[in-house]
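S.K.: just need the structure, nothing else, for what follows:
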Amino acid sequence: MSSFRKALKSRQKNHHERSQPVFRKHFGLLEKKKDYKLRADDYHKKQNTLSALRKKALDKNPDEFYFKMINSQLQDGVHIAKAKDEDVETTEEQNKVMRTQDIKYVEMKRVAEAKKIERLKGQLHLLDADDKQKNKHSFFVDSKKEVQLFDLARHLNTAPELVNRVYNRPTLETLEMKSIQGASNPRALNALAKQRKNQYKLLSQRIDREKKLYVIAQKIQTRKDLQDKNKKVRVKKETPNAAAIYKFTAKRKR
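M.R.: Residues are numbered from 1 along each chain as shown. Below you'll find the model as predicted:
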């Protein structure tokens, strides 16, 4: 019981660390051991770092060379690598897509664009596309006077408003039998022509987007193939419009 009585917390005195004496109050708080420990550890850590740097500087080879010496420059105290235009193999858009999407997603989007392109081509028929080769139709007459008096609408037996149309150019007899949309209204014809032009522009944009997605898919597939440990030789360098071409050594399958 005596040992238990001595171990009771209620009978023990609280331990208080010595405070700063009154005649030393002007020095501030008295430093305790835990404060000294933190200050000492920080001091020794800084001294060890300085010793390691000093040893590294003494052991450095003065003839040492590495490419960062000429390929980087100091800006505001920070070393920044110099950008080279000839080393840029992919555009910013391609890098962004390759970092965030995988080849399956890119291929799915490309197939969707291809289907939309086929649907647009089926609607427009590319009859009056801007990049299509213009057809030439020559008419022969007997004299120069007939050339001056030549009336194309009369010769083709159609309305003057429909002469410039390379498709669906009905004759006057057809116009009398059934009405053609916009044949008698020039404003409606201009609206239809503007609408077709916008459709062709949309088709061109979708074709460009499909080509870009195809290039991105090719580059992702190339990077995936390069993960194999087979020996390879680069045949063609990667460009913004085409993926790199590698030649892999033949490996016998067991």
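S.K.: could you pull out the strands for the stretch 101-250 of the chain?
M.R.: Secondary structure of the stretch 101-250 of the chain (DSSP state E, counting those that start in this stretch): strands at 232-236, 245-248.
S.K.: right, so those strands: which one is the most enclosed?
M.R.: Comparing the strands of the stretch 101-250 of the chain by mean neighbour count (mean count of other Cβ atoms under 10 Å), strand 245-248 ranks first with a mean of 12. Yep, even glycine has a C-beta here, placed from its N, CA and C like the rest.
S.K.: and the contacts of that one?
M.R.: The contact list for strand 245-248, computed with Cβ atoms under 8 Å, 6 or more residues apart in numbering, reads 222, 225-226, 228, 230-236.
S.K.: quick one: strands adjacent to it?
M.R.: strand 232-236 (antiparallel) (DSSP bridges).
S.K.: please save the CA atoms from the strand it pairs with in PDB.
M.R.: Only the C-alpha atoms of strand 232-236 are listed here, as PDB (Å, rounded to 0.1, in the frame of the first residue of the first chain):
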ATOM      1  CA  LYS A 232      13.300   0.200 -83.400                       C
ATOM      2  CA  VAL A 233      14.700   2.800 -85.800                       C
ATOM      3  CA  ARG A 234      13.000   6.100 -86.600                       C
ATOM      4  CA  VAL A 235      12.500   6.400 -90.300                       C
ATOM      5  CA  LYS A 236      10.600   9.600 -90.400                       C
END
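S.K.: distance check, residue 75 against residue 243.
M.R.: Residue 75 sits at a distance of 34 Å from residue 243 (criterion: Cβ to Cβ, to the nearest Å).
S.K.: how far away is the nearest residue to residue 199 once chain neighbours are set aside from residue 204?
M.R.: Leaving aside its sequence neighbours, residue 199 sits nearest to residue 124 (Cβ to Cβ, 6 or more residues apart in numbering; 5.7 Å). Distance, residue 124 to residue 204, using Cβ to Cβ: 11 Å.
S.K.: before we move on, what about residue 174?
M.R.: Note on residue 174: its distance to residue 204, by Cβ to Cβ, is 33 Å.
S.K.: for residue 212, same thing?
M.R.: Applying Cβ to Cβ to residue 212 and residue 204 gives a distance of 13 Å.
S.K.: neighbour count for the two, which is higher?
M.R.: Neighbour totals were compared for residue 212 and residue 204, and residue 212 leads with 19 against 15 (other Cβ atoms under 10 Å).
S.K.: circling back: make CSV from the contacts of strand 245-248 and add distance to residue 68 and pLDDT to it.
M.R.: What follows is those, written out as CSV (distance: Cβ to Cβ, whole Å; pLDDT from 0 to 100):
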residue, distance to residue 68, pLDDT
222, 28, 82
225, 30, 78
226, 25, 78
228, 30, 71
230, 31, 75
231, 29, 80
232, 28, 82
233, 28, 82
234, 24, 84
235, 30, 84
236, 29, 87
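S.K.: so, if you compare those residues, which one comes nearest to residue 251?
M.R.: residue 230 (5.7 Å; Cβ to Cβ).
S.K.: now the phi/psi pair for the closest one, please.
M.R.: Note on residue 230: its backbone torsions stand at phi -70, psi 150 [degrees, to the nearest 10].
S.K.: that one against residue 251, yeah?
M.R.: Yes. Applying Cβ atoms under 8 Å, one finds residue 230 in contact with residue 251, separated by 5.7 Å.
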